[in-house]
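In: Give me the fold of what follows.
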Amino acid sequence: MLGLVLGVAVLALTVVVSVAGAGARPAGQAPAPAELLPDLEQELPSDLTVTRSGTATAPRYSLGFRSAVRNIGNGPLVIRGHRDDGETPTMTADQAIERSDGSESLVPGIGSMRYVVNPDHQHWHYLGFDRYQIYELRRARTSTAVERDHKTGFCLGDRYEVTTAPVPNRAPKPSWLGRCGLGDPSLLSIEEGISVGYGDSYAAFLEGQDLPLDGLSDGRYVLVHRVNTDRKIRELSYENDAASILLDLRWHGGVPNLRVVLMCPDSATCDDPPAKPKAAVHRRARPKPAARASGSFVPDDSADGTAGDWAALQWNFAGPNGVDAPRAWANANAAGAPGGAGVTIAVLDTGVAYADLAPYRASPDMAATTFVPGWDFVDDDPDPIDENGHGTHVAATIAEATNNGYGLTGLAYGARIMPVRVLDASGNGDATTIARGIMFAVDHGAKVINLSLNFTPDVDSSRIGPLLSALAYAKQHGSLVVAAAGNEAAGAVDYPARSNDVLAVGATTEFGCAAQYSNFGPDLDVVAPGGGADASLPGDPYCEDGRVGRPIYQVGFERRPDQFGISNPYIGTSMATPEVSATAALVIASGVLGPNPTPAQLIARIERTARDLGPTGYDEHYGWGLVDAGAATAAIRLQRVRRAG
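Out: As a prediction, this is how the structure comes out:
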């Protein structure tokens with residue numbers, strides 16, 4: 001049975017609205033209405049991405065980043081702009097402050113608003129507040145700014161809900177969902193704002209969310225984001241109006257390589273960290289994500305927009321809780337094996353959209369992918385065409401064409417894919433058919449075999465003898481088998497992942513929590529991004545019971561097997577598994593384990609370089625941790641945390 005989830009659950013929100021109570025007062029005196037002030041908190045810069053433009057002989061590099069500010073105060077931020085006539089180019093901006101009795105006060109003249117035309121779109125910008133989106137890059141331990149923002153201002157609105165911090169006075173629903181007078185420069189007045197419990201953000205490279213790297217020398221820099229720098233907006237606290245990260249920049253062969261050294265919320269002075277004190281708790285701190293520099297290879301895949309937009313959707317590759325694809329790509333490039341070139345990965349699934357065979361079409365974003373002959377063990381013919389879509393999604397995660405200016409990226413985009421169909425159009429299969437597929441893949445040179453499939457929990461080893469024999473055959477002949485743990489939220493890993501001859505993969509969400517559906521238990525080896533909702537794990541600071549994150553995106557079927565697009569997103573351990581298979585291929589190609597590593601060596605490398613989640617060391621919800629393709633392919637030695645006992 002196919003371990004597959006086709007839908008994403010909708011998060012049900014419990015809204016709590018607190019009413020401000022009156023403080024102590026003399027008898028007989030009427031209470032003064034309390035002002036409900038906002039509290040603007042600048043979040044850390046995130047989604048760091050390096051892009052390349054210019055020509056092959058004169059490249060230019062830029063660092064893009066997402067910035068966000070959220071309102072965690074007692075009242076909304078309300079900015080009202082007004083002007084007397086359409087000839088005046090700017091509006092005067094006032095702040096409206098709500099009171100507990102339903103009235104409001106006004107802070108006049110806190111700034112101005114202007115109708116701004118940008119390449120992306122045009123609307124009314126508030127010209128002072130937008131500094132929370134403005135970067136200042138400065139050399140560490142100096143006060144000299146070497147780069148500043150190019151932005152004109154900001155359009156305020158409720159773009160996302162705060163889910164990572166308690167907000168007692170959360171608004172029951174968002175209020176500012178408009179586009180700030182988009183396409184209407186004739187307005188004489190406008191209102192923008194951010195509700196309590198909501199935030200606003202700008203994506204990397206959107207309207208100036210980037211800075212040039214050219215001309216910066218090797219060294220450490222601090223990237224600072226600020227909100228309300230002139231303090232003209234009244235709010236509860238100004239202590240959390242800045243956030244910064246410490247970056248280390250190194251140029252190799254004319255290509256920038258960046259890593260995040262330190263993250264400093266609520267601080268604009270993120271200098272070199274002090275010596276670390278001895279840990280006083282038994283939970284490992286979340287490691288700092290690497291900046292999304294991609295070494296000598298910077299993908300330009302455009303998703304649905306401009307070059308480089310892939311990173312906005314593929315959080316599983318480039319996000320802070322992803323597998324660090326950019327660093328892995330740089331490492332493979334440095335080893336002369338871009339994208340895992342030279343390694344064959346067999347995808348045993350519903351088939352792959354690898355060729356035009358009417359009525360089926362090849363995926364347009366795998367036109368440059370290298371395929372080797374496979375087999376259809378369902379129809380017993382040499383054409384393992386996908387009639388379901390699941391196998392194409394899995395194969396795309398592994399080796400979708402990358403840096404082709406279209407669609408999304410594949411983690412091991414240079415690897416060869418061997419399509420082997422063992423599941424029918426409904427996603428069903430049997431142990432004997434899967435066993436035949438494994439034997440075929442081993443005998444035809446597959447170094448890695450991906451099994452994004454699982455049997456139901458009631459199936460034990462006595463019912464799948466031929467399959468277990470095939471798994472042992474693969475291990476004996478040097479092929480690594482990677483399999484999905486299953487999606488029943490059960491306390492035991494499903495077969496075939498439960499086999500000792502398999503690397504068993506569970507799933508995590510974009511928040512770094514174990515996925516709600518992911519099976520767990522003593523046979524789980526590692527986890528990788530699978531999307532969906534957080535599991536209920538009390539004590540894990542990165543989990544919120546029922547919180548729903550994004551799915552895993554790839555170019556795939558769009559309603560029919562001859563129509564393709566970035567659609568029909570999936571969640572599940574099926575989606576996590578190909579990320580691990582692709583990582584294994586990159587490790588092989590990088591040569592960090594020598595020319596022909598064994599399955600045991602590959603498993604050890606992937607486990608030892610995984611980012612520890614949950615309790616320190618091995619645990620049954622995360623195994624050895626979140627797979628880190630960047631660390632696994634790095635030419636360094638890493639020490640594994642040993643399992644207790």
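
In: Please enumerate the helices of the stretch 101-250 of the chain.
Out: With DSSP state H, counting those that start in this stretch, there are no helices along the stretch 101-250 of the chain.

In: the strands in it, which residues?
Out: 104-117, 122-126, 135-139, 145-148, 160-161, 189-194, 198-202, 210-212, 219-226, 242-252 (DSSP state E, counting those that start in this stretch).

In: where does this structure dip in pLDDT?
Out: Across the chain, the ranges flagged by pLDDT under 70 are 1-32, 119-121, 128-145, 148-152, 271-309, 558-560, 567-569, 636-645.

In: mind checking the SS state of the residue lying closest to Asp349 once chain neighbours are set aside?
Out: In this structure, Asp349 finds its nearest non-sequential neighbour in Gly391, 3.2 Å apart by C-beta to C-beta, 6 or more residues apart in numbering. In this view, the C-beta of every residue, glycine as well, is placed from N, C-alpha and C. The three-state label given to Gly391 by DSSP: H, G, I helix; E, B strand; the rest coil is helix.

In: Please apply the same query to the one 4 residues further on.
Out: Using three-state DSSP, the three-state assignment for Ala395 comes out as helix.

In: Surely it and Pro578 touch.
Out: Yes - using C-beta atoms under 8 Å, Ala395 is in contact with Pro578, at 7.5 Å.

In: Overlap of the contact sets of the two?
Out: Residues within reach of Ala395 and of Pro578 at once, by C-beta atoms under 8 Å, 6 or more residues apart in numbering, are Val347.

In: Can you pull the phi/psi pair for the spatially closest residue to Ile606 that is not a sequence neighbour?
Out: Excluding the flanking residues, the one nearest Ile606 by C-beta to C-beta, 6+ apart is Ala632, at 5.7 Å. Backbone torsions of Ala632, given as degrees, to the nearest 10, read phi -60, psi -30.

In: Give me the distance from stretch 233-253 to the chain's centre.
Out: Per C-alpha atoms, centre = their mean, to the nearest Å, the displacement of stretch 233-253 from the mean C-alpha position of its chain is 20 Å.

In: buried sites along that stretch?
Out: Neighbour-count burial for stretch 233-253 flags 233-236, 240-249 (criterion: 16 or more other C-beta atoms under 10 Å).

In: Now the residues you listed in a markdown table, please, with extra columns for distance to Tyr160.
Out: Listed next are those as a markdown table, based on distance: C-beta to C-beta, whole Å:
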| residue | distance to Tyr160 |
| --- | --- |
| Ile233 | 20 |
| Arg234 | 24 |
| Glu235 | 19 |
| Leu236 | 21 |
| Asn240 | 17 |
| Asp241 | 19 |
| Ala242 | 20 |
| Ala243 | 16 |
| Ser244 | 21 |
| Ile245 | 20 |
| Leu246 | 26 |
| Leu247 | 25 |
| Asp248 | 30 |
| Leu249 | 30 |
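
In: I'd like to know which of the residues you listed is nearest to Phe557.
Out: Taking C-beta to C-beta as the measure, Phe557 lies nearest Ile245 of these, at 39.2 Å.

In: Next, the contact list for that closest one, please.
Out: Here Ile245 is in contact with 44-45, 222-223, 260, 262-264, 270 (C-beta under 8 Å, 6+ apart).

In: Can you tell me which of these is nearest Asp101?
Out: Asp101 lies nearest to Leu44 out of these, by C-beta to C-beta, at 37.0 Å.

In: Without its sequence neighbours, what residue ends up closest to that closest one?
Out: Counting by C-beta to C-beta, 6+ apart, the residue nearest Leu44 is Ala243, at 4.7 Å.

In: pretty sure that neighbour contacts Pro45?
Out: Yes - using C-beta under 8 Å, Ala243 is in contact with Pro45, at 7.1 Å.

In: tell me, what's touching those two both at once?
Out: Common neighbours of Ala243 and Pro45 (C-beta under 8 Å, 6+ apart) are His225.

In: Spatially central, which residue of this structure would that be?
Out: Centroid check for the chain by C-alpha atoms, centre = their mean gives Trp315 as the closest residue, at 1.9 Å.

In: Quick check: closest non-adjacent residue to it.
Out: Sequence neighbours aside, Glu510 is the residue nearest to Trp315 in space, at 4.9 Å (criterion: C-beta to C-beta, 6+ apart).

In: how many neighbours does that neighbour have?
Out: 22 (other C-beta atoms under 10 Å).

In: CA-only coordinates of whichever helix in the chain runs longest, as CSV, when you get a sec.
Out: Looking across the chain with DSSP state H, the single longest helix is helix 573-590. Extracted C-alpha coordinates of helix 573-590, given in CSV (Å, rounded to 0.1, in the frame of the first residue of the first chain):
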residue,chain,number,x,y,z
THR,A,573,7.1,10.2,4.6
SER,A,574,7.0,9.4,0.9
MET,A,575,8.2,13.0,0.3
ALA,A,576,10.9,12.8,3.0
THR,A,577,12.4,9.6,1.6
PRO,A,578,13.7,11.0,-1.8
GLU,A,579,15.5,13.8,0.0
VAL,A,580,17.5,11.2,1.9
SER,A,581,18.1,9.1,-1.3
ALA,A,582,19.3,12.2,-3.1
THR,A,583,21.6,13.1,-0.1
ALA,A,584,23.1,9.6,-0.3
ALA,A,585,23.8,10.1,-4.0
LEU,A,586,25.4,13.5,-3.3
VAL,A,587,27.6,11.8,-0.6
ILE,A,588,28.7,9.2,-3.1
ALA,A,589,29.4,11.7,-5.8
SER,A,590,31.3,14.0,-3.5
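
In: now the helix or strand that comes right after it: how far from the chain's centre is it?
Out: Note on helix 573-590: by DSSP states H and E, the next helix or strand toward the C-terminus is helix 599-608. The chain centroid and the centroid of helix 599-608 are separated by 24 Å, computed with C-alpha atoms, centre = their mean.
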